[in-house]
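Visitor: Okay, structure incoming, though there's no sequence with it:
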């Protein structure tokens with residue numbers, strides 16, 4: 001019987017099985033940011049275990065509130081900064097070099113097919129786009145990962161999600177994953193790996209695949225996974241070209257992590273995306289979704305474009321094509337936060353930043369910021385935001401505020417009209 005990608009990774013990284021079904025895995029990458037890691041650092045220090053298992057396998061960044069907005073967030077940043085220096089963690093990204101973790105770390109080439117990856121952040125599932133097993137963990141698991149380089153998991157079963165057909169004009173990866181979550185429900189993939197397959201995924205860029213996997217957690221998934229292929233090789237080639245004689249050789253090795261043809265899944269779901277409209281959330285859960293035709297015209301106060309879901313260069317290009325030569329509605333605040341410094345620089349070089357600013361957007365430094373209601377775009381009570389982020393529960397972007405999740409294209413059209421709008425009319 002064949003194995004899924006997740007099963008192959010578990011088998012190759014297994015260190016111990018202390019209880020039936022509980023598997024301790026060797027970790028390839030432990031990622032850290034300034035919100036959850038300082039708690040782990042403080043506890044390790046209190047226990048006299050202020051050590052790291054391997055500083056070359058730890059990647060750290062200050063990204064959630066940057067630059068720090070007050071004494072508390074400055075203290076959190078200082079704890080991470082001092083810890084990184086103390087343990088000679090070279091892959092630490094401070095103010096001026098930092099970006100949103102789940103965009104920055106892939107951009108640096110830190111994730112490879114077959115890797116095991118953890119972070120104290122629920123959207124760590126993003127990195128499964130490379131054919132890795134990547135999962136968000138709690139403080140205790142993060143501490144153990146930092147100290148010992150291992151983490152315990154119940155081996156998850158996989159749900160295969162076949163995405164068939166062709167994406168229509170104006171429909172993107174964000175629309176697809178919102179639709180899938182709407183079909184599964186917020187608990188539909190709990191403790192499962194969501195394996196995205198099919199011609200639609202094969203045709204996607206790595207950026208779009210990361211958008212798919214990023215929101216696996218919103219259906220309860222432990223990790224999202226895409227099959228590594230030549231698209232993966234091309235994305236990683238600048239970082240691996242000295243490790244393989246050719247791209248073909250890299251592909252051959254990466255392909256060993258692909259699920260076998262006779263792998264067994266808990267469920268197999270088939271979706272034809274050819275008939276999809278742009279999708280938007282309407283309530284306070286990511287499975288509460290509607291096609292644009294059923295929600296267009298709902299007014300908003302703010303449009304936010306950024307985050308680990310949709311703050312990459314591909315996303316900025318999509319939105320800029322719609323915004324070029326236009327102004328956002330006078331009733332709307334537009335905020336753009338490119339996800340990394342490189343994305344920001346590339347967007348400037350392509351003239352995208354000018355397009356956003358001429359349209360009336362405020363462009364901020366790379367940060368998670370408004371996505372979790374901490375800085376750079378927090379909502380007032382009763383305000384509504386059209387957002388390219390990933391989570392929309394009550395108060396997520398500010399106490400009493402409401403968030404409609406949508407694609408960069410839909411957010412750009414919404415900014416122009418001051419109300420949720422169909423991007424297809426602008427394409």
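Guide: Cool, the structure landed. All figures in this text were calculated on a predicted structure; none of them were measured in a lab.

Visitor: tell me, how many neighbours does residue 243 end up with?
Guide: 11 (other CB atoms under 10 Å). In short, each C-beta sits where N, CA and C put it, glycine included.

Visitor: name the element the residue lying closest to it once chain neighbours are set aside belongs to?
Guide: Nearest residue to residue 243 in three dimensions, chain neighbours excluded: residue 250, at 7.6 Å (CB to CB, 6 or more residues apart in numbering). Element membership of residue 250 [criterion: DSSP states H and E] is helix 247-255.

Visitor: Do you know the pLDDT at the residue nearest to residue 243?
Guide: At residue 250, the model reports a pLDDT of 98.

Visitor: which stretches of the stretch 1-150 of the chain form strands?
Guide: Along the stretch 1-150 of the chain, counting by DSSP state E, counting those that start in this stretch, strands occupy 14-19, 22-26, 29-33, 58-61, 92-93, 116-119, 133-136, 150-154.

Visitor: What of the stretch 301-427 of the chain?
Guide: Under DSSP E, counting those that start in this stretch, the stretch 301-427 of the chain gives strands at 302-306, 333-337, 361-363, 384-387, 402-405.

Visitor: The residue nearest to residue 243: neighbouring residues, count only.
Guide: Neighbours of residue 250 using other CB under 10 Å come to 23.

Visitor: Contacts only, for it.
Guide: 233, 236, 237, 240, 243, 244 (CB atoms under 8 Å, 6 or more residues apart in numbering).

Visitor: The third one is in what secondary structure piece?
Guide: Assigned by DSSP H and E, residue 237 belongs to helix 230-240.

Visitor: Show me which residues of that helix are buried.
Guide: 231, 232, 233, 235, 236, 240 (16 or more other CB atoms under 10 Å).

Visitor: And stretch 284-303, by the same measure?
Guide: In stretch 284-303, counting by 16+ other CB under 10 Å, buried: 285-292, 295-296, 298, 300-303.

Visitor: Check stretch 268-286 too.
Guide: 269, 271, 273, 276, 277, 278, 279, 280, 281, 282, 285, 286.

Visitor: Run through who's touching stretch 136-147.
Guide: For stretch 136-147, using CB under 8 Å, 6+ apart, the contacting residues are 27, 30, 32, 36-37, 39-40, 43-44, 49, 51-53, 58, 118-125, 150-152, 217.

Visitor: can you pull the buried residues of that stretch?
Guide: Result for stretch 136-147 [16+ other CB under 10 Å]: buried residues 136, 137, 141, 142, 143, 144, 145, 146, 147.

Visitor: Among these, which one lies nearest to residue 309?
Guide: Comparing those against residue 309 with CB to CB places residue 136 closest, at 14.4 Å.

Visitor: so what does the top helix by length along the chain touch, helix or strand wise?
Guide: Ranked by residue count under DSSP state H, the longest helix found in the chain is helix 71-86. Judged by 3 or more CB pairs under 8 Å, 6 or more residues apart in numbering; DSSP states H and E, helix 71-86 is in contact with helix 37-46, strand 58-61, strand 92-93.

Visitor: So what's the gap between that helix and the chain middle?
Guide: 24 Å (CA atoms, centre = their mean, to the nearest Å).

Visitor: re the thing from before, and the buried residues of stretch 136-147, which is closest to residue 365?
Guide: residue 136 (24.4 Å).

Visitor: how near is that closest one to residue 48?
Guide: 27 Å (CB to CB, to the nearest Å).

Visitor: residues touching residue 348, list them.
Guide: Contacts of residue 348 (CB under 8 Å, 6+ apart): residue 354.

Visitor: where's it relative to residue 322, distance?
Guide: 19 Å.

Visitor: Let's verify residue 195: helix, strand, or coil?
Guide: Classification of residue 195 by DSSP: H, G, I helix; E, B strand; the rest coil places it in strand.

Visitor: That one pairs with what?
Guide: residue 160, residue 225 (DSSP bridges).

Visitor: got a list of what it touches?
Guide: Here residue 195 is in contact with 4-6, 158-161, 224-227, 259, 265 (CB under 8 Å, 6+ apart).

Visitor: from the residues you listed, which would you call buried?
Guide: 4-6, 158-161, 224-227, 259, 265.

Visitor: Which single one of those is nearest to residue 82?
Guide: residue 224 (33.7 Å).

Visitor: Surely the closest one and residue 123 touch.
Guide: No. Between residue 224 and residue 123 there is no contact under CB atoms under 8 Å: 10.0 Å.

Visitor: Pull up the overlap in contacts between the two.
Guide: residue 214.

Visitor: distance of residue 53 from residue 405?
Guide: Counting by CB to CB - residue 53 and residue 405 are separated by 37 Å.

Visitor: thinking again about what came up before, from the contacts of residue 250, which two are the most distant?
Guide: 233 and 243 (11.4 Å).

Visitor: Of the buried ones among the contacts of residue 195, just say which sits nearest to residue 396.
Guide: Nearest to residue 396 among the buried ones among the contacts of residue 195, counting by CB to CB, is residue 224 at 20.5 Å.

Visitor: Kindly provide the distance from the closest one to residue 341.
Guide: Residue 224 is 26 Å from residue 341, by CB to CB.

Visitor: With residue 219 instead?
Guide: 31 Å.

Visitor: And for residue 259?
Guide: When residue 259 is compared with residue 341 (using CB to CB), they lie 35 Å apart.

Visitor: repeat for residue 256
Guide: From residue 256 to residue 341 the distance is 34 Å (CB to CB).

Visitor: What of residue 301?
Guide: Distance from residue 301 to residue 341, by CB to CB: 29 Å.

Visitor: Also residue 34?
Guide: Distance from residue 34 to residue 341, by CB to CB: 17 Å.

Visitor: What sits closest to residue 105 if chain neighbours are left out?
Guide: residue 59 (5.5 Å).

Visitor: Run a quick neighbour tally on the one you found.
Guide: 24.

Visitor: So residue 95 sits against residue 67, correct?
Guide: Yes. The criterion here is CB under 8 Å, and residue 95 meets it with residue 67 at 5.3 Å.
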